[in-house]
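1. Mind folding the following:
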Amino acid sequence: MRRRIKKKIEIKPDFVYNSLTVEKFINNIMKSGKKSTARKIMYDVLDEIKNKTKSEPIEIFEKAIQNASPLLEVRSRRVGGANYQVPREVSSGRRMALAMRWILEGARSKKGKNMTSRLSEELIAASKNEGLAIKKRENMHKMAEANRAFAHFAW
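-> Okay, the predicted model is just below:
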């Protein structure tokens, strides 16, 4: 018997930039249901990006997410008693979710400054194709490339 398909929760765009991506990122920042705190962090980050780069913060944010998004990932698959790491293409929703998760992980792993400056630095770095999130994406691509021989197990 198949499991039921999970209903997707409709997310409304944020009210400052009218962007769905920003709202999803706010939801990812949020801990313990403190959405107002997460919103404040996100908008402060975008203001800081605007001050640092003197360009449109939403463009840099979108570029950072796009650069950190993986195209391929490896999935474990059991074939005849052996587990193989099978490279698969990443769906667009998962691609964005992974990119956001990695950018936040990179910002949270840094020590010292407050979350706003750490996150703005990570986003600016990701928009320039550097930083922890980009390193994670590269590692994932390397793993997929190394296991290309098992691509015929993907179905």
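2. Contacts only, for the residue nearest to the spatial centre of the chain.
-> The structure's the chain has its C-alpha centroid closest to Ala99; by C-alpha atoms, centre = their mean the separation is 1.7 Å. Neighbouring residues of Ala99 by C-beta atoms under 8 Å, 6 or more residues apart in numbering: Ala64, Ile65, Gln66, Ala68, Ser69, Pro70, Ala133, Arg137. (C-beta placed from N, C-alpha, C; glycine too.)
3. try 6 Å this time
-> Ile65, Ala68, Ser69 (C-beta atoms under 6 Å, 6 or more residues apart in numbering).
4. Likewise for Ser32?
-> With the criterion set at C-beta under 6 Å, 6+ apart, Ser32 makes contact with nothing.
5. Need the pLDDT of it.
-> In this prediction, Ser32 carries a pLDDT score of 91.
6. where along the protein do the helices fall?
-> Assigned by DSSP state H, the chain shows helices spanning 20-29, 35-53, 57-68, 92-109, 115-127, 132-146.
7. now those helices in JSON lines, with distance to Phe153?
-> JSON lines is the format used below for those (distance: least, C-beta to C-beta, whole Å):
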{"stretch": "helix 20-29", "distance to Phe153": "32"}
{"stretch": "helix 35-53", "distance to Phe153": "40"}
{"stretch": "helix 57-68", "distance to Phe153": "27"}
{"stretch": "helix 92-109", "distance to Phe153": "20"}
{"stretch": "helix 115-127", "distance to Phe153": "32"}
{"stretch": "helix 132-146", "distance to Phe153": "13"}
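8. Pick the most deeply packed of those helices.
-> Of all the helices of the chain, helix 115-127 has the most neighbours on average by mean count of other C-beta atoms under 10 Å, namely a mean of 22.
9. Could you check how far it is from the centre of its chain?
-> Using C-alpha atoms, centre = their mean, to the nearest Å, the mean C-alpha position of helix 115-127 is found 13 Å from that of the whole chain.
10. ok, residues contacting that helix?
-> Defining contact as C-beta under 6 Å, 6+ apart, one finds that helix 115-127 is touched by 41, 44-45, 48-49, 60-61, 63-64, 67-68, 103, 106-107, 110, 131, 133-134.
11. where does the residue sitting furthest away from the middle of the chain sit relative to Phe153, distance-wise?
-> Largest separation from the mean C-alpha position in the chain: Gly80, at 34.1 Å (C-alpha atoms, centre = their mean). As judged by C-beta to C-beta, to the nearest Å, Gly80 and Phe153 stand 10 Å apart.
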